[in-house]
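Undergrad: Quick one, what's the 3D model for this:
(one chain, ligands or ions: 2)
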Amino acid sequence: MNWKKLAAAAMAVFLCAGCSGTPEQVQEHPQGGEEEKHEATTFAMDTIMMFTVYSKDGEEILIDAEQEIRRLEHLLSVTMEDSEIHELNHKAGEKEVHISEETMELLSLGKSIGKETNGCFNIAISPVVKAWGFTEEEKHVPEQEEIDRLLPLADTDDILLDKENGTAFLQKEGMAIDLGGIAKGYTADKVAELLRAEGITSGYFSLGGNLMGIGQKPDGSAWKAAVGNPLDAKDYVGMLEFSDCAVVTSGGYQRYFEEDGKRYHHIIDPATGYPAENELLAVAVVCENATRADALSTALFVMGLDDAAAFWQKHNDFEVIFITNDEVIATEGLRDSFTFEGRNNDFTFRIMERK
Ligand code: ADP
Ligand code: MG
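TA: Numbers count the residues shown, from 1 in each chain. Ligands and ions are numbered 1, 2, ... in the order given. Got it, this is the predicted structure:
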């Protein structure tokens, strides 16, 4: 896939309108550095990715960034037949496989975030996700009997990692890994690392709505993202300022299907094998580390508001915007960076304080 250059004159870049349905937009008011501004967009990991960097070498640097994404996709994709994860899944119950240090790192991180979130984040949930048809054209509600049979295969303790020998083994036949809830975040961290190493001090990118801001705008102000309204794709519930961090959203309103008048979305509660069902419509996590932001946004969405709030209370390394049917709630650390916007909707707003 080739890079397509975007119109550099655009005053506002609406990230991801209509891609995987992700809600953020980045609004930009370029002041200075215009001649060094480079933009690119590509399709990878099943989603649209958009980049803006300020540097005279921006064009070449963005080509390097795309190569980095292709490289990671070849390690982490579930669907690419020659990916490491594909091989690992293929050999489940049979044989260990050699994996790269990066795949090892991500599997190990995935397992530990799973433990930390009491199983709400689960990289072994793939057999259940597949039973719902989320990886196929035909989505449908599976029989309870099928869910009961598949859930025991989603135990991350059965993912055996041998760091010394560089191998991984899925102990049970029928097991499979799905890094869909964390791979884009990991890729964002790797791309940010590459951009910084190549001298980028100002830029931002969106990997299917997973946002990452490097430094600040050339005028010294923070990057801005509009946090979408889960009930109305044309509306947003507030503006978030961010720099040198990731903003990752998970919600049930983006990828879903309907059966017998009921909606079923793609984030599975590993405790039930059903799409997570609680008061949360969307969760946005703000964190320096994009891998963590990605995994946590999925996990907090599964937890529901009370458990997610309790989890946040115990940690200091991330902040959250929760959206329910009638409320937008920002955690205390976002007091100065998030501005609620309720003109076109019926949400009320509050700050969640640290206890
Ligand atoms: P998206 O990638 O659509 O922006 P998420 O980051 O929340 O959203 O990841 C959802 C994807 O992660 C699903 O499509 C599925 O592949 C996988 N998944 C579903 N449920 C879970 C879960 N409980 N834990 C980890 N991964 C999950
Ligand atoms: Mg996620």
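Undergrad: need the residues of the stretch 151-300 of the chain near ligand 2, please.
TA: Within the stretch 151-300 of the chain, the residues that sit near ligand 2 (C-beta under 5 Å from the ion) are G181, D294, S297, T298. Just so you know, the C-beta spots here come from the backbone N, C-alpha and C atoms, and that holds for glycine as well.
Undergrad: mind checking the SS state of the nearest residue to the second one once chain neighbours are set aside?
TA: Here the nearest residue to D294 in space, its sequence neighbours aside, is G185; by C-beta to C-beta, 6 or more residues apart in numbering that works out to 2.6 Å. The three-state label given to G185 by DSSP: H, G, I helix; E, B strand; the rest coil is helix.
Undergrad: State the distance from the closest residue to N344 other than its chain neighbours to S337.
TA: Spatial nearest neighbour of N344, excluding adjacent residues (C-beta to C-beta, 6+ apart): D235 at 4.7 Å. Going from D235 to S337 by C-beta to C-beta, to the nearest Å gives 20 Å.
Undergrad: Just the C-alphas of the helix or strand the residue nearest to N344 falls within, formatted as PDB.
TA: Secondary structure assignment for D235, by DSSP states H and E: strand 232-242. Below are the C-alpha coordinates for strand 232-242, written out as PDB (Å, rounded to 0.1, in the frame of the first residue of the first chain):
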ATOM      1  CA  ASP A 232     -24.300  10.400  17.800                       C
ATOM      2  CA  ALA A 233     -21.400  10.000  15.400                       C
ATOM      3  CA  LYS A 234     -21.600  13.700  14.300                       C
ATOM      4  CA  ASP A 235     -21.400  15.100  17.800                       C
ATOM      5  CA  TYR A 236     -18.600  15.100  20.400                       C
ATOM      6  CA  VAL A 237     -18.700  15.400  24.100                       C
ATOM      7  CA  GLY A 238     -15.600  17.400  24.800                       C
ATOM      8  CA  MET A 239     -12.100  18.500  23.700                       C
ATOM      9  CA  LEU A 240      -9.000  16.900  25.200                       C
ATOM     10  CA  GLU A 241      -5.600  18.500  25.200                       C
ATOM     11  CA  PHE A 242      -2.700  16.100  25.200                       C
END
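Undergrad: Find the centremost residue of the protein, please.
TA: D294 (3.9 Å; C-alpha atoms, centre = their mean).
Undergrad: That one against V248, yeah?
TA: Yes - here D294 lies in contact with V248, judged by C-beta atoms under 8 Å, at a distance of 4.8 Å.
Undergrad: shared neighbours of these two, anything?
TA: G185, N210, V285 (C-beta atoms under 8 Å, 6 or more residues apart in numbering).
Undergrad: who touches whichever strand or helix holds the last one?
TA: It stands for V285. If you go by DSSP H and E, V285 is part of strand 280-287. With C-beta under 8 Å, 6+ apart as the contact definition, strand 280-287 has outside contacts at 23, 227-228, 230-231, 240, 242, 245-253, 292-294, 296-297, 300-301, 304-305, 308, 317-325, 333-334, 337.
Undergrad: Residues in a beta bridge with the closest residue to Y236 other than its chain neighbours, which ones?
TA: Nearest non-adjacent residue to Y236, counting by C-beta to C-beta, 6+ apart: A226, 4.0 Å away. Beta-bridge pairing for A226 (DSSP bridges): Q25, M239.
Undergrad: is it true that A226 touches M239?
TA: Yes - with contacts counted by C-beta under 8 Å, A226 reaches M239, the gap being 5.7 Å.
Undergrad: For the stretch 1-150 of the chain, which segments are assigned as strands?
TA: 12-13, 25-27, 37-44, 47-54, 97-98 (DSSP state E, counting those that start in this stretch).
Undergrad: The third one - contacts with which helices or strands?
TA: Okay, so that is strand 37-44. Under the contact criterion of 3 or more C-beta pairs under 8 Å, 6 or more residues apart in numbering; DSSP states H and E, strand 37-44 touches strand 47-54, helix 58-76.
Undergrad: So what's the gap between it and the chain middle?
TA: 18 Å (C-alpha atoms, centre = their mean, to the nearest Å).
Undergrad: Is it in proximity to ligand 1?
TA: No - figure legend: strand 37-44 not in contact with ligand 1 (C-beta under 6 Å from any ligand atom); closest approach 13.1 Å.
Undergrad: Quick check: buried residues in that strand?
TA: With burial defined by 16 or more other C-beta atoms under 10 Å, the residues of strand 37-44 counted as buried are K37, H38, E39, A40, T41, T42, A44.
Undergrad: okay, those in TSV with pLDDT next?
TA: Below are the buried residues of strand 37-44 laid out as TSV (pLDDT from 0 to 100):
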residue	pLDDT
K37	96
H38	97
E39	97
A40	97
T41	97
T42	95
A44	95
